[in-house]
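J.: Pasted the sequence and its predicted model underneath.
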Amino acid sequence: MTSVSTGASPSATTPAVVLTIAGSEATGGAGAQADLKTFQELGVFGIANLTCIVSFDPKDNWNHRFVPVDQQVIADQLEATAAAYGPASGAPSVLDTVKIGMLGSPATISTVAGSLKANGFGNVVLDPVLICKGQEPGHALDTDQALKAEILPLATFVTPNHFEAESLSGLEITDVESLKAAAVRIHELSGAAVLAKGGVRLDGPDAVDVFFDGETLEVLSAPKVGEVAVSGAGCSLAAAVTAELAKGASPLQAARAAKEFVTEGIRNRVASGAPFDALWQGGAR
């Protein structure tokens, strides 16, 4: 696969380089693990800088067990990645595209925001993870507010799910029209391209998402594959957008390709002993 970077132009054998700043999810269905598998499937060189370690607790209704990575360790990872692949590195394929996944605390948000500002990435894809199931409510609220204040303004592309789109827009989403309104509102607040995901949360036979970038509003629809959300779908969608942008796609092209990628991954999902299935990033094959 020939890749086109937004920085220096790599050859046919030199892939575009992308970074995910996200948590590790122990079952492999979501988080940085899902991101790296998506990057590999889509032909880009993926790097993961970890912000936290998340594992599900089968003895407590499969709630999250959340352990943050030390702030200095996060800063060290970001420093090493920028030195190796950033604009000053001399690397043939400059890192210009980054995905933001679960950050998990206001301190981590501040650390990551500082790195984003210092490195000036051309594409910042934000998967706005606003809730960690089982997290203490006050801490979760502080994290949500910090994410909106410090990371959202730096994003160039945002991929909120139904709950996150309601939280970011302040609108109740009950159908496709209100999903469109939420996408427009989030764009107005952030200036970013938005792919607001209705998924299985909206009634009807199709999983519907809405793209809006300030000019183009497009409804992306595919038949639902089951009626239950699948682990890793949101992570993989944002990672697919990230990969496609790094290869030179427009935001709308990236959204369309990511929708197709995730639909096939859900159709070829992986079952486990957990009360949820996981998307398989190789599903399109």
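T.: Cool, got the structure.
J.: Okay, strands next: where are they in the stretch 51-200 of the chain?
T.: Taking DSSP state E, counting those that start in this stretch as the criterion, the stretch 51-200 of the chain contains strands spanning 63-68, 97-100, 123-126, 157-158, 193-199.
J.: Report the inter-axis angle for the following helix or strand past the last one versus strand 193-199.
T.: I take that to be strand 193-199. Per DSSP states H and E, the first helix or strand lying C-terminal to strand 193-199 is strand 206-212. Following axes from the mean of the first three to the mean of the last three Cα atoms, to 10 degrees, one obtains 160 degrees for the angle between strand 206-212 and strand 193-199.
J.: What is the neighbour count of residue 79?
T.: For residue 79, the number of neighbouring residues by other Cβ atoms under 10 Å comes to 14. (C-beta placed from N, C-alpha, C; glycine too.)
J.: Just the C-alphas of the worst-scoring helix or strand of the chain on mean pLDDT, formatted as PDB.
T.: Lowest by mean pLDDT, DSSP states H and E among the helices and strands of the chain is helix 137-146, with a mean of 75. Listed next in PDB are the C-alpha coordinates belonging to helix 137-146 (Å, rounded to 0.1, in the frame of the first residue of the first chain):
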ATOM      1  CA  PRO A 137     -18.200  10.600  39.800                       C
ATOM      2  CA  GLY A 138     -16.500  13.800  41.000                       C
ATOM      3  CA  HIS A 139     -13.200  12.800  39.500                       C
ATOM      4  CA  ALA A 140     -14.900  11.900  36.200                       C
ATOM      5  CA  LEU A 141     -16.700  15.300  36.100                       C
ATOM      6  CA  ASP A 142     -13.400  17.100  36.600                       C
ATOM      7  CA  THR A 143     -11.800  15.100  33.800                       C
ATOM      8  CA  ASP A 144     -14.700  15.800  31.500                       C
ATOM      9  CA  GLN A 145     -14.500  19.500  32.100                       C
ATOM     10  CA  ALA A 146     -10.700  19.600  31.600                       C
END
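J.: Buried ones in that helix, by neighbour count?
T.: Counting neighbours by 16 or more other Cβ atoms under 10 Å, one finds that the buried residues in helix 137-146 are 140, 143, 144, 146.
J.: returning to what we had before: residue 245: which of the strands of the stretch 51-200 of the chain is closest?
T.: Of all the strands of the stretch 51-200 of the chain, strand 123-126 sits nearest to residue 245, with 4.6 Å by Cβ to Cβ.
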